[in-house]
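Chemist: Return a 3D structure for these sequence lines:
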Amino acid sequence: MTQCFETQIQFTCPDCQALAVTSAEVPEPDWSAAESMSDLNSEGETEVECPHCEAVFEAYVVNNAGSCAVTLNNHPGTAVSADVAFYSPEEDWSDYTLPENPLSIWVESFEQAQAYLEAHGSDDGGALINRMVFSQHVAALEAFLGDTLLKEVLADKKRLGRLLAGDKELAKERFTLGSGPIDVRRWI
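Modeler: Sure, this is the predicted structure:
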C-alpha cells in the first residue's frame, strides 16, 4: 500500500444527488522550498469519485498550510467541503500481529527516546526536540496499553465475551451461515 497526500471531502453528487463522502488526492507541496508554513502551498488537477453511483468528476484542488479547496471542473457551483490535506495511512492494520512482550518494546522505545533527548534536547524544555520526544513517549505508551489490553482480552474468553457484549458497532454486524467460520477477534 502506498502513501499519498489526500483530503477528506463531502459533496452532493451532481449525478445521483446522494451525499458523497470520500477522499481526493492532493498535489504534494514542495517541502524543500518551504521556509515557513505559509510556503506550503500546492494546486493541481485531481479526480473525485462518488462512492454511490461511481461517477468520476475531474476537479481542481488548491491546498495551503491551513486549508484545502476542491472544485468540480464541470460543476463549479457544487459545494465541496474539504478537510486539511494529510498523508494517508501507509500500513494495512487488518493483519496486525500483537507483539509477544509489549512492555519490552515500550522500555526500548523509552530508552532510545531518552538517549536522544539527553544528546539533543535542552535543559529548559523549550526545544522542539523536547516536545517531539514527549510525543514519542505518549505514542509508545498508547501502543503499549493497546497491545496489552488486546493480549489480555484475547487470551480470556470471559473478558472477550464482556468486551463483545458492550461493543455497539460489532452488535450491528450480521453474518450468514454461508460466510464461513467467523473469527470475532479480528473485529476487535
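Chemist: use CA for all of it now, contacts and neighbours both
Modeler: OK.
Chemist: Excluding chain neighbours, what is closest to the spatially most central residue of the chain?
Modeler: In the chain, the centroid-proximal residue (C-alpha atoms, centre = their mean) is Pro89; its distance is 5.0 Å. In space, and not counting its chain neighbours, Pro89 is closest to Gln3: 6.3 Å by C-alpha to C-alpha, 6 or more residues apart in numbering.
Chemist: Can you give the distance of stretch 19-31 from its chain's centre?
Modeler: Taking C-alpha atoms, centre = their mean, to the nearest Å, one finds the center of stretch 19-31 at 14 Å from the center of the full chain.
Chemist: What are the contacting residues of it?
Modeler: Contact with stretch 19-31 is made by 4-13, 40-44, 46-52, 61, 63, 85, as judged by C-alpha atoms under 8 Å, 6 or more residues apart in numbering.
Chemist: Surely the residue nearest to the centre of the chain and Phe5 touch.
Modeler: No - shown here, Pro89 and Phe5 do not form a contact pair, counting by C-alpha atoms under 8 Å, at 9.7 Å.
Chemist: Tell me how far Val153 lies from Arg159.
Modeler: In this view, Val153 and Arg159 are 5 Å apart by C-alpha to C-alpha, to the nearest Å.
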